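J.: My questions are about this predicted structure, shown below with the sequence.
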Amino acid sequence: TGSTRPQRLLRAVQKKATQGDPQSVIATIDHFCRHSEWAMNVGDEKGSILDSVVTELNPSSALELGTYCGYSTVRIARLLPPGSKLITLEFNPAYAAVARQVIAWAGLNDKVQLVEGPSGDLIPQMKELFGVQTFDFVFLDHWKDRYLPDTKLLEECGLLRKGTVLLADNVICPGTPEYLEYIRNSSRYESRYFKSHLEYTKVEDGLEKSVFLG
Ligand SMILES: Oc1cc(-c2ccc(F)cc2)cc2nccnc12
Ligand SMILES: [Mg+2]
């Protein structure tokens, strides 16, 4: 039986990236996805927008929905101040296994907690399982039909506070119309669209940044 694309991506990281150097892990994955095999990482163009949002916010507690191979996990965690924590949820065990090794290669284990399972089941357990009060930052990058229900769940579970920033990937491609409709029309959020491109392509995509107003 052959290897999977995430396994080939991991092999490239372990072969070419410097251990403990998140920037080299990011560069290696971007090179692999541009020159060898496309993969659904947020990528370098949208990744720069992600970086600027995280840097401006300087979050102490962050949540990522959809880990995949850990590319955006590394992008976010490398920017977090000491003592802060990124919890990342991944439904697919094969993706999670690769992501753990990518995160470890980048030397970011002490900032990241990867939890396997469905976000809809895990979000209500955040407080009791991980001692989370509220999140300062949430990156939505999992299945598009989960963006809206999981956002409503975060609200209902009291995991958002005045000023929490939600950043959603793929709001154009593959697209999250129900989420956009809700978040742009809700008086509880202030939203802004960052136009960009689908990772490693010329296809339009973008990120929606929404501030929870409480
Ligand atoms: O960034 C992404 C891109 C795509 C995707 C796949 C196939 C295409 F043709 C176009 C776009 C799927 C994604 N699923 C989950 C999280 N992020 C995704
Ligand atoms: Mg994505």
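T.: Sure, I can see it. Residues are numbered from 1 along each chain as shown. Ligands and ions are numbered 1, 2, ... in the order given.
J.: how much space between the closest residue to Q7 other than its chain neighbours and ligand 1?
T.: The spatially closest residue to Q7, leaving aside those adjacent along the chain, is V98, at 6.4 Å (CB to CB, 6 or more residues apart in numbering). (Glycine included, C-beta is placed from N, CA and C.) Shown here: V98 relative to ligand 1, a distance of 15 Å by CB to the nearest ligand atom, to the nearest Å.
J.: Let me see the mean pLDDT of the helix or strand where V98 lies.
T.: According to DSSP states H and E, V98 maps onto helix 93-105. For helix 93-105, mean pLDDT rounds to 99.
J.: In the helix or strand following it, which residues are buried?
T.: The first helix or strand that comes after helix 93-105 along the chain, using DSSP H and E, is strand 112-116. Neighbour-count burial for strand 112-116, counted by 16 or more other CB atoms under 10 Å, picks out V112, L114, V115, E116.
J.: nearest to A39, of these?
T.: Each of the buried residues of strand 112-116 was checked against A39 using CB to CB; the closest is L114, at 17.8 Å.
J.: Show me what from the chain comes close to ligand 2.
T.: Within the chain, the positions lying close to ligand 2 (CB under 5 Å from the ion) are D141, D169, N170.
J.: need these in JSON lines with pLDDT and neighbour count, can you?
T.: Shown next, in JSON lines, are the residues of the chain next to ligand 2 (pLDDT from 0 to 100; neighbours: other CB atoms under 10 Å):
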{"residue": "D141", "pLDDT": "99", "neighbour count": "25"}
{"residue": "D169", "pLDDT": "99", "neighbour count": "32"}
{"residue": "N170", "pLDDT": "99", "neighbour count": "25"}
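J.: Only alpha carbons, please: show the helix or strand of the chain with the lowest mean pLDDT as CSV.
T.: Using mean pLDDT, DSSP states H and E, helix 126-130 stands out as the lowest-scoring helix or strand of the chain, at a mean of 96. The C-alpha trace of helix 126-130 is given here as CSV (Å, rounded to 0.1, in the frame of the first residue of the first chain):
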residue,chain,number,x,y,z
MET,A,126,-13.6,22.9,26.1
LYS,A,127,-14.1,24.4,29.6
GLU,A,128,-14.2,21.1,31.6
LEU,A,129,-11.5,19.3,29.5
PHE,A,130,-8.9,22.1,28.9
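J.: Which residue, other than its chain neighbours, is closest to whichever residue of the chain sits closest to ligand 2?
T.: Proximity of the chain to ligand 2 (CB to the ion) peaks at D169, 3.7 Å away. Take D169 and drop its neighbours on the chain: the residue closest to it by CB to CB, 6+ apart is D141, 4.2 Å away.
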